[in-house]
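J.: Here is the input, now give the coordinates:
(chains A, B and C)
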Amino acid sequence: MPAPSLILALLFVVCFTLATWLQPWHQSWAGGRAQSDSLLGVVMGNSRQLFANHFFTKADVYFHSGYYPSVFDQAIGGAPHITAAKDAAAETDAEHGREQSEEAGFLGPPRDWIDRFSRNFYPSRHSHLDRPGEAREILPWLRIAADLDPHKVETYTVAAYWLREHLNRVDEAEQLLREGWRANPDSYEILFELGRVFDENRHDSQRARNVWELALGKWRQRSARNGEPDDFVLEQILTRLAQLEEREGHWEKALSYLEKLEAVSPKPEAIQQQINDLKKKVVSAPPANRSGAQQTGKP
Amino acid sequence: MKPILKIEDLVVEYRTREFGQRVTVAVNRLSLEVFPGEVFGFLGPNGAGKTTTVNVLLGFVPVTRGAAYIFNVNVRDPIARQRIGYLPELTYYYKFLTAEELLRFYARIFRIPRAEIGPRIDEVLKLVGLDTARKRPIKTYSKGMQQRIGLAQALINEPDLLILDEPTSGLDPIGRMNVREMIQRLKSKGKTVFFSSHELGEVETVCDRVAILHQGELKATGRVSDLVEKYKCNLEQAFLKVIGYEPGHE
Amino acid sequence: MNNALSVASIVIKELYRRKDFYVLFVLTAIITLLMGSLHFFNDDRIVRYLKEICLLLIWISALAIAVGTSARQIPAERENRTIFPLLAKPITRGQLIAGKFLGCWLACGLALIVFYFFFGVISVSREHQWAAASFFQALWLHWWMLGVVVAMTLLGSVVFAAPSSNGTICLLIILSILLLGRHLNKVAVQLAEPMSGVVSAVYFAVPHLELFDVRDLVVHNWDPINWLICVGATLYAAAYAIFFLFATWLVFRRQPLV
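T.: This is a model prediction of the structure:
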């Protein structure tokens, strides 16, 4: 056998031996990326999260029809207001107006003639995708963001909100939330949104209750672990549970939730008023309905 | 008779890019005239300044001192090139074009009327023997064919003065014979040919007058027969004597 | 003008006989159609993401064509020695540069027409509406922006030795302007002197190519730009293109060819 072929064969054997030795070591060293079963995970590693954040912001950019502060605008004017899932009941004209003036202000007056001239060539007025069905345009970016980073909970809750509330795609919203829940089994935010699907769209109070109670339990577990309670979500869960129980005539349970809500609400006097109103309603209710108050069942 | 080409006290200097900027004199006070209808040979060893002189005539290289005129127009003016044809030593043309497209392009630059362009192209391609290959891209041409397309583009405007830089360089004997025949044909039509060459045998055959350049300076000029008579030898030996070459002393 | 147009016609012939344009167009079409075949949440009326992707690919392809074509014009003529038989004809160096510029610019324009036609087909097929004025403005402004790019690259081609280095440097400058040009004044405000002055000077000196990037307006269906503003932008681009071409002529006219 000629010498070059022998050398080639020897090199092949050495490489093969090295590979069998290095592979297990690399598996243990590279951690999650090497053990990932997702092609994206293997290829992109932790940069997926960067891209996911970018595409999540992209959805917000699309919501504002391209009118959005750049990183340079943010450096001067502060972080932008990110459009999140809004509770239609809580939104007021004043809040919307404040949001508009905050966002409209990021450009400021033109600094020079080039700045003034250039504003004709890019979106320079505040805008939302308000017309029926327009919100669909943000969906691709939310879908991609969810695929890239399945552990970014906000992606699922925001997408689900727009799907069910503005686009009448309830099935897709539920499917997405379930997908998010599989990836984030401890997420009370996703459970809360799922509960809203059952309550507001499916009108299935029992399932809504089950899911919200589960969300409450998850919140308690995480608060105990982290020590940093997310009171905003807790308020929403308690509010919804209280409203549901009140609707179903379970006064005691409703009162129990309202009392818990009063402890964490920034407006306890308003909650106290609700508690008082509910108690009056209980007193004035017929005896048959009043027995609904006997249903206990600690949350 | 007024000269068709006139060079007056031409000096061309190159500044090297080295530290200290050394100056190289490529052409040193060259003066010569070429008259209508003659075939003029421009001779000299490598580095004599022949190509530099040709480049000056074509406007490729700026003049340091002196001047050159073609048809009484300073060579710096592009219109001086309206009635000349130029065949470079190394023939490269746009490979993505066909022969016909290339000639049409050059014809437009010469502002040949549209109605005349077609017949002119036909005539020139037949003359150089490329009629059958006119639609093929030049990148498919052999070296000989590329030389012929070079000749064709030099003749497209029916030039009164043809400037040829080493026209037989790299050609086989048949190719060289074709070039000689073409020069003689042009001469018979009253055209003027100015060409630089190393092939003294060909020069002796076709040229009326020659100029011999060495180290940028004109060493001799005149009719071939006069030079041969003066030095009592053939043109090659006369050339060697003029440039001061002695065998064994290099 | 006749000489310049003749040279331009050669440049255009070269573009459509090379593979670059076809490869880029096919890539753009394939990627766009692939992205268009995706369905997000069972809604097939989503269109803006597709418009954005298509326009991004068009911009990348157009820049590749513009810079790639312009960067190799003069160096290739020198390297292939085709410049000698050309300049031996009654054509000036200024006419040569004008011809190269016109050829590259018109070639870019032809390529843009094809690209934007494809974009229009994709857009109309999804949206079922035709924003003709906006599309035309986007095409027009893009074309004029490429005019500045071509002129800048031609200047680079007579300054830098190799087409590859010229192309790289020009692309870097162009991308920097597109991404950062609008924001340099904000950056300058946050810096201390003398850097603030330097950045401000750069801000006012560079051609603001990002002005011609109206993709966001097209993607998000904003109203067309005021036509007077469009004319102003056209004149702005023309001024910079003429400046770069003049600089190219100043450099090239004195350069020895051998």
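
J.: Which neighbouring elements make contact with the helix or strand residue C:23 falls within?
T.: Residue C:23 is part of helix C:20-36 when elements are defined by DSSP states H and E. Applying 3 or more C-beta pairs under 8 Å, 6 or more residues apart in numbering or on different chains; DSSP states H and E, we find helix C:20-36 packed against helix C:48-71, helix C:93-127. The way it works is simple: take the backbone N, C-alpha and C, and place the C-beta from them, glycine included.

J.: so how far is chain A from the residue in the stretch 51-200 of chain C that chain B sits nearest to?
T.: Chain B sits closest to residue C:88 of the stretch 51-200 of chain C, with a gap of 3.8 Å, by C-beta to the nearest C-beta. Counting by C-beta to the nearest C-beta, to the nearest Å, the gap from residue C:88 to chain A is 46 Å.

J.: any idea of the mean pLDDT for the helix holding residue C:23?
T.: Averaging pLDDT along helix C:20-36 yields 94.

J.: Could you list the buried residues of that helix?
T.: Within helix C:20-36, the residues that count as buried by 16 or more other C-beta atoms under 10 Å in any protein chain shown are C:20-21, C:24-25, C:28, C:32, C:35-36.

J.: Residues contacting that helix, please?
T.: Identification of contacts with helix C:20-36 by C-beta atoms under 8 Å, 6 or more residues apart in numbering or on different chains yields C:15, C:49-50, C:53-54, C:57-58, C:61, C:64-65, C:68-69, C:111, C:114-115, C:118, C:122, C:126.

J.: Whichever of the residues you listed end up buried, select them in ChimeraX.
T.: Selection command for ChimeraX covering only the buried members of those, criterion 16+ other C-beta under 10 Å:
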select /C:15,49,50,53,54,57,58,61,64,65,68,69,111,115,118,122,126
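
J.: re the thing from before, relative to chain B, which of the buried residues of helix C:20-36 is nearest.
T.: residue C:20 (12.5 Å).

J.: how near is the closest one to chain A?
T.: Noted for residue C:20: a distance of 28 Å to chain A, by C-beta to the nearest C-beta.

J.: Enumerate every residue touching residue A:141.
T.: A:55-56, A:58-59, A:62, C:49.

J.: Equivalent analysis for residue A:177, please.
T.: Taking C-beta under 8 Å, 6+ apart as the contact definition, residue A:177 lies against A:156-157, A:160, A:190, A:193-194, A:197.

J.: Kindly report the same for residue A:231.
T.: Residue A:231 touches residue A:264, counting by C-beta under 8 Å, 6+ apart.

J.: number of nearby residues for residue 174?
T.: No chain in the question, so chain A it is. 19 (other C-beta atoms under 10 Å in any protein chain shown).

J.: ah, I was thinking of chain C
T.: Residue C:174 has 21 nearby residues by other C-beta under 10 Å.

J.: Check which helix or strand the residue nearest to the spatial centre of chain A maps to.
T.: For chain A, the residue nearest the mean C-alpha position is residue A:154 (2.2 Å; C-alpha atoms, centre = their mean). Using DSSP H and E, residue A:154 sits in helix A:153-165.

J.: Show me what the mean pLDDT comes to for the next helix or strand after that helix.
T.: Downstream of helix A:153-165, the next assigned helix or strand under DSSP H and E is helix A:170-183. Averaged across helix A:170-183, the pLDDT comes to 96.

J.: Same check on stretch C:67-86?
T.: 92.

J.: one step back: distance of the residue of the stretch 51-200 of chain C closest to chain B relative to residue B:150?
T.: 11 Å (C-beta to C-beta, to the nearest Å).

J.: tell me, what's touching those two both at once?
T.: The contact lists of residue C:88 and residue B:150 share residue B:88, where a contact means C-beta under 8 Å, 6+ apart.

J.: Convert the C-alpha atoms of stretch B:104-111 to PDB, please.
T.: This file holds the C-alpha atoms of stretch B:104-111, laid out as PDB (Å, rounded to 0.1, in the frame of the first residue of the first chain):
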ATOM      1  CA  ARG B 104     -21.800  48.300 -33.200                       C
ATOM      2  CA  PHE B 105     -20.800  49.800 -29.900                       C
ATOM      3  CA  TYR B 106     -17.600  51.200 -31.300                       C
ATOM      4  CA  ALA B 107     -19.400  52.400 -34.400                       C
ATOM      5  CA  ARG B 108     -21.800  54.400 -32.200                       C
ATOM      6  CA  ILE B 109     -18.900  56.100 -30.400                       C
ATOM      7  CA  PHE B 110     -17.500  57.100 -33.800                       C
ATOM      8  CA  ARG B 111     -21.000  58.500 -34.500                       C
END
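
J.: Check which residues of it are buried.
T.: Buried, per 16+ other C-beta under 10 Å, within stretch B:104-111: B:104-110.

J.: Now do the contacts for the residue of chain C positioned farthest from its centre.
T.: Going by C-alpha atoms, centre = their mean, the residue of chain C most distant from its centre is residue C:42, 37.3 Å out. Residues near residue C:42 by C-beta under 8 Å, 6+ apart: A:169, A:172.

J.: which residues in chain B form strands?
T.: Using DSSP state E, the strands found in chain B span residues B:5-15, B:23-34, B:39-43, B:65-70, B:73-74, B:84-87, B:161-165, B:192-196, B:209-214, B:217-223.

J.: want to throw these into JSON lines with distance to residue C:97 and mean neighbour count?
T.: Compiled in JSON lines, those are given as follows (distance: least, C-beta to C-beta, whole Å; neighbours: other C-beta atoms under 10 Å in any protein chain shown):
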{"stretch": "strand B:5-15", "distance to residue C:97": "24", "mean neighbour count": "17"}
{"stretch": "strand B:23-34", "distance to residue C:97": "27", "mean neighbour count": "18"}
{"stretch": "strand B:39-43", "distance to residue C:97": "31", "mean neighbour count": "24"}
{"stretch": "strand B:65-70", "distance to residue C:97": "24", "mean neighbour count": "18"}
{"stretch": "strand B:73-74", "distance to residue C:97": "22", "mean neighbour count": "14"}
{"stretch": "strand B:84-87", "distance to residue C:97": "21", "mean neighbour count": "24"}
{"stretch": "strand B:161-165", "distance to residue C:97": "24", "mean neighbour count": "23"}
{"stretch": "strand B:192-196", "distance to residue C:97": "29", "mean neighbour count": "24"}
{"stretch": "strand B:209-214", "distance to residue C:97": "34", "mean neighbour count": "23"}
{"stretch": "strand B:217-223", "distance to residue C:97": "36", "mean neighbour count": "17"}
